[in-house]
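Visitor: sequence-free structure coming up:
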């Protein structure tokens, strides 16, 4: 079952040095989710061969332009392409009136149902789930209302050992019970441990998106033990005070969050246009948390 994260835009505020504005894709099994939608997102989706029609949920972190101005064009393009499937957008309150004004004055009409779900939470809150995955929102610390997102696999059922069904003459109810983790007692009264009946399953994986945000320790418990996080790393350490003033993070801030949350891997992103090269940010992060990496646009990262 695929679970991956792809950065489509790693620049902050404006595109620069070949880096695009905020847009990211999470793929899980047959589901494709878009996080943020800065200007140029459609081009990036096409460039990296991500099928736009498979996106049925979009998660917006906050209403700053570099995270949403590509949304108007994407929604319009869906109509031009004849979309009929419902599209859900999760966002801080205020997105719907913005879209209403744009569509009213451009005389644009959508060919598909659009559902805007306003997010308002002061702790981790589940906002979406399907058969295999749960998505939680949680508050970040920014100049405007802003949320992070946690994508977490649901507990996976066990698979039965191929020879166990015949050996113990398991019926459908027996199989369902064993898949839920229960032990089994044969007709003769023999006790069989569940571990002897099932295949070892892979652990459930998780991914967290934390951008834009100042250094904010309350998120540590919300993203603890994640397999992968993407965190705001707008500045290097020489701009520590400016980062605090603008409610952004340094690469070192991101690394401290990753270290304290005991995550497995950190992706640094949302880079200021002050930097042509990003070596200083990566070095500063790695000095605190070794498993730190720069966002590379178009690279699919397996979670």
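Guide: Ah, there it is. Treat the numbers as computed from the prediction; the structure is a model and nothing was measured.
Visitor: Quickly note the distance from the residue of the chain most remote from its centre to residue 169.
Guide: The centre of the chain is farthest from one residue, residue 188, which by C-alpha atoms, centre = their mean lies 49.7 Å away. Residue 188 is 11 Å from residue 169, where distance means C-beta to C-beta, to the nearest Å. Quick note: C-beta positions are derived from backbone N, CA and C, even for glycine.
Visitor: Any idea how many residues pack against residue 173?
Guide: Per other C-beta atoms under 10 Å, the neighbour tally for residue 173 reads 8.
Visitor: mind checking which helix or strand it is in?
Guide: Assigned by DSSP states H and E, residue 173 belongs to helix 172-179.
Visitor: repeat for residue 243
Guide: Residue 243 belongs to helix 240-246, assigned by DSSP H and E.
Visitor: following that helix, which helix or strand shows up next?
Guide: From helix 240-246 onward toward the C-terminus, using DSSP H and E, the following helix or strand is helix 251-260.
Visitor: Which strands or helices does that next one pack on?
Guide: Packing partners of helix 251-260 (3 or more C-beta pairs under 8 Å, 6 or more residues apart in numbering; DSSP states H and E): helix 220-223, strand 228-232, strand 266-269, helix 279-286, strand 292-294.
Visitor: any chance of those in CSV, with distance to residue 57 and mean neighbour count too?
Guide: Output for the helices and strands packed on helix 251-260, formatted as CSV (distance: least, C-beta to C-beta, whole Å; neighbours: other C-beta atoms under 10 Å):
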stretch, distance to residue 57, mean neighbour count
helix 220-223, 20, 18
strand 228-232, 17, 28
strand 266-269, 21, 28
helix 279-286, 30, 18
strand 292-294, 26, 20
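Visitor: Was I right to think residue 112 contacts residue 87?
Guide: Yes: using C-beta atoms under 8 Å, residue 112 is in contact with residue 87, at 6.2 Å.
Visitor: hey, what's in contact with both of these two?
Guide: Listed contacts common to residue 112 and residue 87 are residue 78; contacts here mean C-beta atoms under 8 Å, 6 or more residues apart in numbering.
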